[in-house]
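>>> Need a 3D model of the following:
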Amino acid sequence: MKMSGNKKNIYSQVICIAVVLAMMLCACNNASQQPDASQEQAAGEAGAADNDADEAPLVTEEDYRGAIAAAEDDAKKLELYKEFSSGYKMNENEYVEYATLCGKAGDTIAQREVLFMLYRIDPTEAHGQLLSDMTLNITSSDDEKAGELLKSIAEELKKCEGEDFSPQGIKSIVSSDDWKKSFYIDNGTFTSNTKYSSDAVNAEVSSDTLSTRAVITEGDMRYLCEINFDGANVGSVEVKDEKSEGKYFYRQFDAEEVDIMTVNGYIKDGHYVNQLDITIAGIVYQGMFDDAGKTKEEQPEGLEGVAYAFTEDRSNYLYVEDADAATWVADVAKMGFGEF
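Sure, this is the predicted structure:
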């Protein structure tokens, strides 16, 4: 089929117009599916604002207080308190909470530092008591010198059963500058409680300017020293499964280092068993106990109490008032000879 020239031109024009229209429609569809630059900018600014709100810097004291109150766990609170305390003024309750969080996290060194900050800011007896009520847990890596001092005391106490033993060596150690540095708070104004742990020696120490008490465990032995203005108490006991059990020795000195009393015996499950020898002012008293800590001694007639140790001729005895021999037990803690 043949077309004339005019018809051919008209057909070509129609095709061109259709192509142009199709291209325009595609452009419109693409434009409707893509945000313009202003929309992208607005969305970006909104997202940035949200991020800034989430990570808004803490500037004021109230900012920190609000963040601490909103913190979901103790670890986050502790982190915020560290920042807060470094450049802002905290109140008493906040210092106490901060110290408590340090203790719960196992960092008693930081706990004491926080409480000492509170005491320096407001040095009241109540704030000092907070320091005395806590126990500082340290190891050889925290204070190597502390371990050396404790081992020196243990060496002295290994000789405490000797007739010529004197507590003077121990007194010199617990009054030294090194001891004060390791075991005092505020130069001994308040009692410092310390628990020391190492491979060689473990100890629990309470110390201030008026008195010192240390219970030191080294190997299979445990040692006691109590030093104060009234005198000194020393002792040793065997250790089994981390408990004081076996041969027991205790000795008291007065302020002039005169030997007042010595106790030799055996303990098990917290009470005296077998033979117990007590020497007071040169007089020896002896008592016998069963494995449950009950006295095996025949009781004096009419005694309102329990006689537990007698002189060799049984003319004198030591006794506990208002006790029943059928039920009374020679409890180490209650007998008052030294529990450790």
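>>> where exactly do the helices run in this protein?
For the chain, the helices defined by DSSP state H occupy 5-33, 37-54, 61-70, 74-87, 92-104, 108-121, 125-133, 144-157, 168-174, 177-183, 332-335.
>>> now the second one: mean pLDDT?
So the one you mean is helix 37-54. What helix 37-54 shows for mean pLDDT is 46.
>>> Now do the end-to-end distance for stretch 199-217.
Start and end residues of stretch 199-217 are separated by 11 Å (C-alpha to C-alpha, to the nearest Å).
>>> chain center to it, what's the gap?
Distance, stretch centre to chain centre, for stretch 199-217: 15 Å (C-alpha atoms, centre = their mean, to the nearest Å).
>>> Repeat that for stretch 252-272.
On C-alpha atoms, centre = their mean, the centre of stretch 252-272 falls 30 Å from that of its chain.
>>> List of residues touching that stretch?
166-168, 229-234, 237, 244-251, 273-281, 289, 291-293, 329-333, 335, 337-338 (C-beta atoms under 8 Å, 6 or more residues apart in numbering). Just so you know, the C-beta spots here come from the backbone N, C-alpha and C atoms, and that holds for glycine as well.
>>> For PyMOL, write the select line for the buried members of the residues you listed.
Selection command for PyMOL covering only the buried members of the contacts of stretch 252-272, criterion 16 or more other C-beta atoms under 10 Å:
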select buried, resi 167+231+232+233+234+237+244+245+248+249+250+251+273+276+278+279+289+293+329+330+332+335+337+338
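>>> in its sheet, what does the longest strand along the chain sit against?
Assignment by DSSP state E gives strand 243-254 as the longest strand of the chain. Paired neighbours of strand 243-254 in the sheet (DSSP bridges): strand 231-240 (antiparallel), strand 259-268 (antiparallel).
>>> Mind putting those into JSON lines with mean pLDDT and distance to A146?
Formatted as JSON lines, the strands paired with strand 243-254 follow (pLDDT from 0 to 100; distance: least, C-beta to C-beta, whole Å):
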{"stretch": "strand 231-240", "mean pLDDT": "97", "distance to A146": "20"}
{"stretch": "strand 259-268", "mean pLDDT": "96", "distance to A146": "28"}
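>>> Which among those strands is found nearest to E321?
Across these, E321 has its closest neighbour in strand 259-268 (18.9 Å, C-beta to C-beta).
>>> Can you give me the buried ones in that closest one?
Judged by neighbour count using 16+ other C-beta under 10 Å, the buried positions of strand 259-268 are 261-268.
>>> Quick check: the farthest pair among those?
M261 and K268 (22.0 Å).
>>> where does the stretch 201-340 of the chain have low pLDDT?
For the stretch 201-340 of the chain, no stretch has pLDDT under 70.
>>> Repeat the analysis, applying 90 as the threshold.
336, 338-339 (pLDDT under 90).
>>> Quick check: can you list the domain ranges of the protein?
Following automatic domain parsing, the chain resolves into domains at 60-133, 135-335.
>>> how long is the longest one end to end?
Across domain 135-335, the terminal residues are separated by 27 Å (C-alpha to C-alpha).
>>> With stretch 322-337 instead?
Stretch 322-337 end-to-end distance (C-alpha to C-alpha) = 19 Å.
>>> any idea how far that stretch is from the chain center?
33 Å.
>>> And the contacts of that stretch?
244, 250, 261, 263, 267, 270-272, 276, 278, 287, 289, 292-295, 299, 304-306, 308, 320, 338-339.
>>> quick one on the thing from earlier: now the strands paired with strand 243-254 as a markdown table including distance to N202?
Shown next, in a markdown table, are the strands paired with strand 243-254 (distance: least, C-beta to C-beta, whole Å):
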| stretch | distance to N202 |
| --- | --- |
| strand 231-240 | 10 |
| strand 259-268 | 19 |
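>>> Tell me which of those approaches S206 most closely.
Taking these one by one with C-beta to C-beta, strand 231-240 is closest: 13.4 Å.
>>> State the number of residues packed around the residue nearest to E92 when sequence neighbours are not counted.
Of all residues not flanking E92 in the chain, L118 sits nearest, at 6.6 Å (C-beta to C-beta, 6 or more residues apart in numbering). Using other C-beta atoms under 10 Å, L118 has 22 neighbouring residues.
>>> List the contacts of L118.
L118 neighbours (C-beta under 8 Å, 6+ apart): 92, 95-96, 99, 127, 130.
>>> So I138 sits against Y196, correct?
Yes: in this structure I138 lies within contact range of Y196 using C-beta atoms under 8 Å: 5.7 Å.
>>> Do a quick rundown of the strands in the stretch 201-340 of the chain.
Using DSSP state E, counting those that start in this stretch, the strands of the stretch 201-340 of the chain run over 202-207, 211-218, 221-228, 231-240, 243-254, 259-268, 271-280, 283-289, 305-310, 317-321.
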